[in-house]
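J.: show me the folded form of this:
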Amino acid sequence: MKHGFHIPVLGLAFSIDTPLKVAKFGINSVISIVDDELIERMRLYYLEKNNMPSQPISKKEQDYRAKRITAYLDMIQYLVDADLKRMQEERFGTGSDLDRYFQLLPNDSPERQAYLDLLNNKAGATQTQLIDYLKNSLQPGDIDVNIMSKVDKINVDGLGMPLEDRYSDAAAALRGFANATLRSSVILSAGMNPRLYNYLAEIPAFLPNELGAFDKKITLKVSDFRSAHIQAKYLAKKGLWVSEFRIESGLNCGGHAFATDGYLLGPILEEFKQRKDQLIDELWSIYRQALQAKKEQLFPVPSVRFTVQGGIGTADEQSFLVKHYGFDSAGWGSPFLLVPEATTVDSGTLKALAEAKKEDFYLSDASPLGVPFNNFRGSTAEQERLERIRAGRPGSPCTKKYLISNTEFSDAAVCTASRVYQHAKIKELETKQLSADAYQQAFDSITEKTCLCDGLATSAYLTYEIRKAKESSAVAICPGPNTAYFKDTYSLQQMVDHIYGRVPLDLPQRPHMFINELQLYVDYLRAYMREAAHDAKKVKFAEKFKAQLVAGIAYYRTRAEKLSEFGFLNLPTFLSGLTACEKQLLKR
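T.: Sure thing, here's the model as predicted:
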């Protein structure tokens, strides 16, 4: 890697073309490949923009979903390669992309120092050689893809008969990636899907090539060591190697939030730090046996990367996570929503994010998946949801059907955010003769679900003017709570300089990311206890949850002094934040 940070997946639309914006500068980023309709429209848009021949891939074609994904990823790879080739023809000192590539590199990069020597005429007689060295060092960032493992609808043919498992949403997306020319990683998130993992083992692209390297790698996005261990062992037994473990904060992140059982990010990273060599050794033993059983060629132990993301906001936090815990990279997600040079956020949503207050970012039950979802009160999708309720027509039309799962009222699964489901559920509610307060609480719970399939794609449709007639213009967006501290829009250079501590952004007073996450967990536990007060089993779980948080606070006290070694300047506030959260937990 050229950089010590990466840009994680951001919803459906927000990082859909991020590699086309940042890969030429050596920055790794991630595309969601859930929505083939969005992907196809974006492909046709960029083909037309670059005067390249285009042929739509119709939904009538067999395996159209995989074909659309392959075609889009191949186009991105082609355009990024063309960018690198063009940059190699540019001259230094002209303010070109070639200059920007080296200006963005971290301070300790040998290539950046060589570039500065060239500009300051320190190269002397070796100037020509230095220019050749720098241009030959150009390396694009990885173009990784994300699949939410459990967003895996079984599809049907024209007669309504179920298709084979290999045509399910997640399997088709995986095949689309496997058939693409990219040499990068599929990032599997949102838990284990045995059906998908079994299919993964059937794809030769994930086996080592003749040099022992992987053309297609596997990354697991997890929230704790146990999940990483279980999933990686399952894959190793199938003859599949996990090349990266991407640890994400359970609550201090964007999108869906998978809360741990009270385990905080610091202690989780400590466990990885202490046990990662043991983990690799165990996985290698299992993996080697699986390859031997398949009569596959054996190579030395493949490399494994460990990365972390979720709520990072300052250079000292970046440095601490990477250097203290021995990680390879840190992910900066939500702050990049405010960098138009890197992400795709329509102008209205961008303005709303920049002007938002802390209370505008909240953990909701809006997702039809039934998983807590980081939501934004200022989104037009949230406004549209409330307007539909006021008009007596709650729920959304359901066109893409990626999140259908409920069969309460019909044999065919429907989405809980759909108008059809919410109408039926409210009719059922009206027969229960509840008190006014109980009725309203149940009504709000039903209607809080919102359409994510359309809303999370709309920003790209608006930005590139590819929205079709009669499609909603409402944008759903899922920034993490950390977004509240970034109060403007920024250039790519400004954000990268902030990450590396060269020119910090002028942010409002902000608690350390560990304190922010801890407070989110305290609030989460409080909400859980309100609902679990009369359930002995849930109360017992809550006590264990609280005990883990208290243990996490104790751990942070032992690491507090270390923070200052990496540039953190406000240790008293950090310690008082720990004490304040501890008092909230111990308060009866």
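J.: report pLDDT for the closest residue to F409 other than its chain neighbours.
T.: Nearest residue to F409, sequence neighbours excluded (C-beta to C-beta, 6 or more residues apart in numbering): A424, at 4.4 Å. (C-beta placed from N, C-alpha, C; glycine too.) The model reports A424 with a pLDDT of 96.
J.: next: the one 10 residues further on.
T.: Taken from the predicted model, the pLDDT recorded for L434 is 94.
J.: dihedrals phi and psi, it?
T.: Phi and psi for L434, reported as degrees, to the nearest 10, are phi -80, psi 160.
J.: pLDDT weak spots in the stretch 51-200 of the chain?
T.: Applying pLDDT under 70 to the stretch 51-200 of the chain flags the ranges 123-125.
J.: can you give me the helices in it?
T.: Secondary structure of the stretch 51-200 of the chain (DSSP state H, counting those that start in this stretch): helices at 64-88, 97-104, 110-119, 127-136, 169-178, 194-200.
J.: could you export those helices to CSV, including columns for mean neighbour count and distance to C451?
T.: Converted to CSV, the helices of the stretch 51-200 of the chain look like this (neighbours: other C-beta atoms under 10 Å; distance: least, C-beta to C-beta, whole Å):
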stretch, mean neighbour count, distance to C451
helix 64-88, 19, 20
helix 97-104, 20, 37
helix 110-119, 16, 45
helix 127-136, 14, 48
helix 169-178, 25, 17
helix 194-200, 17, 24
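J.: so which of the ones you listed is nearest Q440?
T.: Nearest to Q440 among the helices of the stretch 51-200 of the chain is helix 169-178 (35.5 Å), distances taken as C-beta to C-beta.
J.: for that closest one, packing partners?
T.: The helices and strands touching helix 169-178, judged by 3 or more C-beta pairs under 8 Å, 6 or more residues apart in numbering; DSSP states H and E, are helix 36-49, helix 64-88, strand 143-148, helix 194-200.
J.: can you tell me which of these is nearest to D169?
T.: Of all the helices and strands packed on helix 169-178, helix 64-88 sits nearest to D169, with 7.2 Å by C-beta to C-beta.
J.: okay, the angle between that closest one and helix 97-104?
T.: 90 degrees (axes from the mean of the first three to the mean of the last three C-alpha atoms, to 10 degrees).
J.: tell me how far helix 64-88 lies from the chain's centre.
T.: Helix 64-88 sits 21 Å away from the centroid of its parent chain (C-alpha atoms, centre = their mean, to the nearest Å).
J.: can you list contacts of it?
T.: Outside helix 64-88, the residues that touch it by C-beta atoms under 8 Å, 6 or more residues apart in numbering are 17, 19-20, 23-24, 31, 33, 36, 39-40, 42-43, 46-47, 50, 52, 57-58, 61, 96-98, 101, 135, 138, 140, 143, 145, 167, 169, 172-173, 175-177, 179-182.
J.: against T343, how distant is the residue lying closest to L105 once chain neighbours are set aside?
T.: Counting by C-beta to C-beta, 6+ apart, L105 lies nearest to R112, which is 3.9 Å off, once chain neighbours are set aside. R112 is 24 Å from T343, where distance means C-beta to C-beta, to the nearest Å.
J.: now I16
T.: 9 Å.
J.: residue boundaries of the strands in the stretch 251-400 of the chain?
T.: 305-309, 329-331, 361-364, 373-376 (DSSP state E, counting those that start in this stretch).
J.: which one, of those strands, ends up nearest to Y439?
T.: Ranking the strands of the stretch 251-400 of the chain by proximity to Y439 (C-beta to C-beta) places strand 361-364 first, at 20.6 Å.
J.: centre of the chain versus that closest one, how much separation?
T.: Distance, stretch centre to chain centre, for strand 361-364: 17 Å (C-alpha atoms, centre = their mean).
J.: quick check: buried residues in that strand?
T.: Residues of strand 361-364 classed as buried under the neighbour-count rule (16 or more other C-beta atoms under 10 Å) are 361, 363-364.
J.: dump those to TSV, plus distance to K432.
T.: Formatted as TSV, those follow (distance: C-beta to C-beta, whole Å):
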residue	distance to K432
F361	34
L363	28
S364	24
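J.: which one of those residues is nearest E582?
T.: L363 (21.6 Å).
J.: and the closest one, what's its pLDDT?
T.: For L363, the model assigns a pLDDT of 96.
J.: can you pull the contacts of the closest residue to it other than its chain neighbours?
T.: Excluding its sequence neighbours, the residue lying closest to L363 (C-beta to C-beta, 6+ apart) is P372, at 5.1 Å. Shown in contact with P372 (C-beta under 8 Å, 6+ apart): 251, 256-257, 259, 363-365.
J.: go again using 10 Å as the cut-off
T.: When contacts are counted by C-beta atoms under 10 Å, 6 or more residues apart in numbering, P372 touches 250-251, 256-259, 363-366, 524, 527.
J.: now do G239
T.: Counted by C-beta under 10 Å, 6+ apart, G239 has contacts 200-201, 206-207, 286-294, 296.
J.: Serialize the strands of the stretch 251-400 of the chain to TSV and add fields for distance to K487.
T.: Conversion of the strands of the stretch 251-400 of the chain to TSV gives the following (distance: least, C-beta to C-beta, whole Å):
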stretch	distance to K487
strand 305-309	22
strand 329-331	21
strand 361-364	13
strand 373-376	15
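J.: please tell me how far the residue lying closest to G239 once chain neighbours are set aside sits from R41.
T.: Computed as C-beta to C-beta, 6+ apart, the closest residue to G239 that is not its neighbour in sequence is A290, at 3.9 Å. Look at A290 and R41: by C-beta to C-beta, they are 40 Å apart.
J.: of the two, who's got more company?
T.: Here A290 and R41 are compared on neighbour count by other C-beta atoms under 10 Å; more neighbours surround R41, at 22 against 18.
J.: tally of neighbours for the closest residue in space to that one that isn't next to it in sequence?
T.: What sits nearest to R41 in space, not counting adjacent residues and going by C-beta to C-beta, 6+ apart, is I466, at 4.9 Å. Residues lying near I466 (other C-beta under 10 Å) number 14.
J.: same deal with the one 4 residues further on?
T.: A count of nearby residues for K470, using other C-beta under 10 Å, gives 6.
J.: just S137 next, same as before
T.: For S137, the count of nearby residues is 17 (other C-beta under 10 Å).
J.: what backbone torsions are found at K221?
T.: phi -100, psi 120.
J.: give me the number of residues near it?
T.: Neighbour count for K221, taken as other C-beta under 10 Å: 28.
J.: in a strand, H498, correct?
T.: No: counting by DSSP: H, G, I helix; E, B strand; the rest coil, one finds H498 to be helix, located in no strand.
J.: my read is that it contacts T314, right?
T.: Yes: taking contacts as C-beta atoms under 10 Å, H498 lies within contact range of T314: 7.9 Å.
J.: quick check: D365 touching Q441?
T.: No: counting by C-beta under 10 Å, D365 does not reach Q441; the two are 12.0 Å apart.
J.: more crowded one of the two?
T.: Using other C-beta under 10 Å as the criterion, D365 and Q441 rank with D365 on top: 15 against 11.
J.: and D328, how many residues sit next to it?
T.: Neighbour tally, D328, other C-beta under 10 Å: 16.
J.: just G158 next, same as before
T.: Residues lying near G158 (other C-beta under 10 Å) number 6.
J.: list the contacts for it?
T.: So G158 contacts K60 (C-beta under 10 Å, 6+ apart).
J.: of the contacts of P372, which is the most crowded?
T.: The residue in the contacts of P372 with the most neighbours, by other C-beta under 10 Å, is L251 (27 neighbours).
J.: and that one, what pLDDT?
T.: Looking at L251, the pLDDT reads 97.
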